[in-house]
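>>> predicted coordinates and the sequence they were generated for:
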Amino acid sequence: MFRFRIAALLAIGLGAPAWAASGWRLTRNEHFEIYSQGGDASARSALLRFEQLRGFFLLQTGLTLDHLPAVRVIAFGSAKEYEPYQIRSANAYYVGAETQDYIVLPGLGPDEFRTAAHEYAHLILHASGLRYPEWLKEGLAEFFSTVHVSEQASELGGDLPARSQLLRRRVWMPLPALLALPEESARPDDRESAGLFYAESWALTDMLFLSPDYGPRFPELATALSFGEPGLETLTKVFGKPIDQITRDLHAWVDRRGVPPIHLPGVATQSTAAEVSEVPVFASRSLLADLLIATGELDRAEALYRDLDREAPRNADIAAALGTIALRRADNQGARREWKQAIEAGVTDANLCYRYAVLAGMAGLANDEIRSALERAVDLRPDFDDARYMLALLEKNTSHYEAAVAQLRAMRNVAQARRYDYWAILADALNELGQRPEAKAAADQAARYATNPSEHARAAQLAYTSQTDLAVQFARDSNGRAQMITTRVPHDSDWNPFIEEGDDIRRLQGIVKEIDCGNKVTRFVVEVAGVRLRLAIEDPSRVRMRNAPPEFVCGPQTASQVLVEYAVSKNKGTDGIVRGMEFQ
């Protein structure tokens, strides 16, 4: 029952810089990178605790985290060394950057486990893709910070004495005000107000999750809030209680706080080999500069990177970081300049190569430059489907159809939102290559994912193209003048381009009995089953002749077998106009 509640949470799809000069160590495995200024023993212990947290959340939520890069944990040697990188008044924090998750702690002592669990819970919520209101995010993180994990059993819940004691001696923020706090102001700047916010958020979440009166409907509340529904109205609607009653229940819950923890299965964490190494000074400064970018301290980050650039000119990673800073400042030109230098210097960040290609495309740079960046991205990361898709579009638009098909077929996962476009582009490229059956199959898939009349029409056109050939046909304009127009005809059909639109075509097999060479019109007299037809050739250049003799002799003819295509004529003395004639 409680596992269901946990899973339901996540099932909803400029001051002077202070740099540590030395003493950083890296302890890592495939899931975590722990940079610390403490001893190796405490780092190894922290690595094990983080593995336990990971195993607990995987078991209880069903989330898959294997696609994420290793979590970067930065643990300072003391609160003093942590302070220059502190966000507001937070004792620790989690930052989910575009390509890296950070958990930042003031240390790795045994007392830091609850803090680490709080921040790892934020990572799990971020990985789920859900957007809960700030009070619920912090309340859940505090709730999950109570977890105790071992191989034999796990526990979740229980009192947080510092939080409950604060609530017992302080005047509370009114519950409607807590529920209505917007994200940008939800975390107060001063420590005292922030403490009350965390405490009240934890208490409300704890009650809603564990109380017999509220817990069974908690998943319904979490689902509604994840869709952005108003907190106050949603809370009262889901639980069928006025806000005053919920407030009284919450005060009573805090006063009699004695609900035992939830007992859950143990977590068997696989023992993974940990690599331990010293972090050079240059690398540690780069690490902290990366952290400053992630936390939005762009001026401080740039100042450090400029110093590093003077020490190591044309360093690919430094140029990449300076490009990221420029992009965060909406300086696209600066980002392109720095990222181009990073690519030329051999950067190994596939995502950066892709982002550079996007900016280069927006700026109208040469296709070869965009192609080079995308090719490097997929070389670095073969499963980079966004880069392959963009590269396929570029190849198709530059008439490199085989390359486009190769990139599309190399994609491992096609997101639901782009499936129609994927199959339509593939069908178009296959049509250009003359691979008709494959093009027809792709067009049928495009039709399957079409969502509007325009897309359905496009898919039908692609399917029609796969089964037809481009040809020419004679037609007449509004003045009756003959002209050539393009059309499509069934593939491998016996197409006659001289058949005009509106012709009433007849086909017959007969014997040429006579050729009447008139002044303006030549007529073939063809006998069919004892009946003679007079078929005119108005313009010999507009008749498809096959196996015809080099020249014709006017007058009676020997028994020449012919297949004739003619348009029925209403002119007196003529039964039809010859469009095609095959001599047998």
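Looks like it arrived, so ask away.
>>> which residues are contacting the one helix or strand residue 352 maps to?
Using DSSP states H and E, residue 352 maps to helix 350-362. Helix 350-362 is contacted from outside by 98-99, 320, 323-324, 327, 332, 335-336, 339-340, 342-343, 347, 369-370, 373-374, 376-378, 380-381, 384, 386-387, 390, using CB atoms under 8 Å, 6 or more residues apart in numbering. The way it works is simple: take the backbone N, C-alpha and C, and place the C-beta from them, glycine included.
>>> past it, which element shows up next along the chain?
Toward the C-terminus, helix 350-362 is succeeded by helix 367-380 as the next helix or strand (DSSP H and E).
>>> next, count neighbours for residue 175.
19 (other CB atoms under 10 Å).
>>> with residue 550 instead?
Neighbours of residue 550 using other CB under 10 Å come to 4.
>>> okay, it: pLDDT?
For residue 550, the model assigns a pLDDT of 78.
>>> same question for residue 23.
pLDDT, residue 23: 83.
>>> doesn't residue 213 fall inside a strand?
No - counting by DSSP: H, G, I helix; E, B strand; the rest coil, one finds residue 213 to be coil, located in no strand.
>>> nearest residue to it in space, please, no chain neighbours.
Nearest non-adjacent residue to residue 213, counting by CB to CB, 6 or more residues apart in numbering: residue 249, 7.2 Å away.
>>> okay, that neighbour and residue 235: tell me how far apart.
Using CB to CB, to the nearest Å, residue 249 is found at 11 Å from residue 235.
>>> check residue 351 too.
Distance of residue 351 to residue 235, computed by CB to CB: 39 Å.
>>> for the helix or strand harbouring residue 396, packing partners?
Residue 396 is located in helix 385-397, with elements delineated by DSSP H and E. Contact partners of helix 385-397 among helices and strands, from 3 or more CB pairs under 8 Å, 6 or more residues apart in numbering; DSSP states H and E: helix 350-362, helix 367-380, helix 401-410, helix 419-432.
>>> what ranges in the stretch 251-400 of the chain fall below the confidence cut-off?
Low-confidence segments of the stretch 251-400 of the chain, defined by pLDDT under 70: 257-258, 270-272.
>>> go on, the chain?
1-22, 183-190, 257-258, 270-272, 469-489, 492.
>>> other SSEs contacting the longest helix along it?
Counting residues, the longest helix found in the chain (DSSP state H) is helix 40-61. When contacts are defined as 3+ CB pairs under 8 Å, 6+ apart, helix 40-61 packs onto helix 2-10, strand 25-28, strand 32-36, strand 71-75, helix 113-128, strand 148-149, strand 262-265, strand 275-278.
>>> now do the buried residues in it.
Neighbour counts over helix 40-61 (16 or more other CB atoms under 10 Å) mark 42-43, 45-57, 59-61 as buried.
>>> and that helix, how far from the chain's centre?
In terms of CA atoms, centre = their mean, to the nearest Å, the centre of helix 40-61 is found 29 Å from the chain centre.
>>> dump it to CSV, keeping only the CA atoms.
Output in CSV follows, covering the C-alpha atoms of helix 40-61 (Å, rounded to 0.1, in the frame of the first residue of the first chain):
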residue,chain,number,x,y,z
ASP,A,40,38.8,8.3,1.6
ALA,A,41,37.1,6.2,4.3
SER,A,42,34.3,8.7,4.7
ALA,A,43,33.9,9.0,0.9
ARG,A,44,33.7,5.2,0.6
SER,A,45,31.1,5.1,3.3
ALA,A,46,29.1,7.9,1.6
LEU,A,47,29.3,6.0,-1.7
LEU,A,48,27.7,3.0,0.0
ARG,A,49,24.9,5.1,1.6
PHE,A,50,24.1,6.7,-1.8
GLU,A,51,24.0,3.3,-3.4
GLN,A,52,21.5,2.2,-0.7
LEU,A,53,19.4,5.3,-1.4
ARG,A,54,19.5,4.6,-5.1
GLY,A,55,18.4,1.0,-4.5
PHE,A,56,15.6,2.1,-2.2
PHE,A,57,14.1,4.5,-4.6
LEU,A,58,14.4,2.2,-7.6
LEU,A,59,12.6,-0.5,-5.6
GLN,A,60,9.8,1.8,-4.3
THR,A,61,9.2,3.9,-7.4
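>>> now the angle from it to strand 32-36?
Angular relation of helix 40-61 and strand 32-36 on a 0 to 180 degree scale: 150 degrees, by axes from the mean of the first three to the mean of the last three CA atoms, to 10 degrees.
>>> look up how far residue 374 lies from the residue nearest to residue 332 when sequence neighbours are not counted.
The shortest distance from residue 332 to any non-neighbouring residue, by CB to CB, 6+ apart, is to residue 359 (5.5 Å). Distance of residue 359 to residue 374, computed by CB to CB: 12 Å.
>>> and if you look at residue 441?
Counting by CB to CB - residue 441 and residue 374 are separated by 27 Å.
>>> who has more neighbours, these two?
Taking neighbours as other CB under 10 Å, residue 441 and residue 374 compare with residue 374 leading, 30 against 17.
>>> for residue 522, name its beta-bridge partners.
Residue 522 has these beta-bridge partners by DSSP bridges: residue 517, residue 537.
>>> against residue 198, how distant is it?
According to CB to CB, residue 522 stands 100 Å off from residue 198.
>>> just to revisit the earlier point, which of the helices and strands packed on helix 40-61 sits closest to residue 157?
Residue 157 lies closest to strand 262-265 among these, at 5.0 Å (CB to CB).
>>> what pairs with the closest one, parallel or antiparallel?
When pairing is defined by DSSP bridges, strand 262-265 lines up against strand 153-156 (antiparallel).
>>> what are the contacting residues of the helix holding residue 396?
Helix 385-397 is contacted by residues 350, 353-354, 357-358, 361, 367, 370-371, 374-375, 377-378, 381, 401, 403-405, 407-408, 410-415, 418, 422, 425, 428-429 when judged by CB under 8 Å, 6+ apart.
>>> one more time with 7 Å, if that's ok
Here helix 385-397 makes contact (CB atoms under 7 Å, 6 or more residues apart in numbering) with 350, 354, 357, 367, 370-371, 374-375, 377-378, 403-404, 407-408, 410-413, 418, 425, 428-429.
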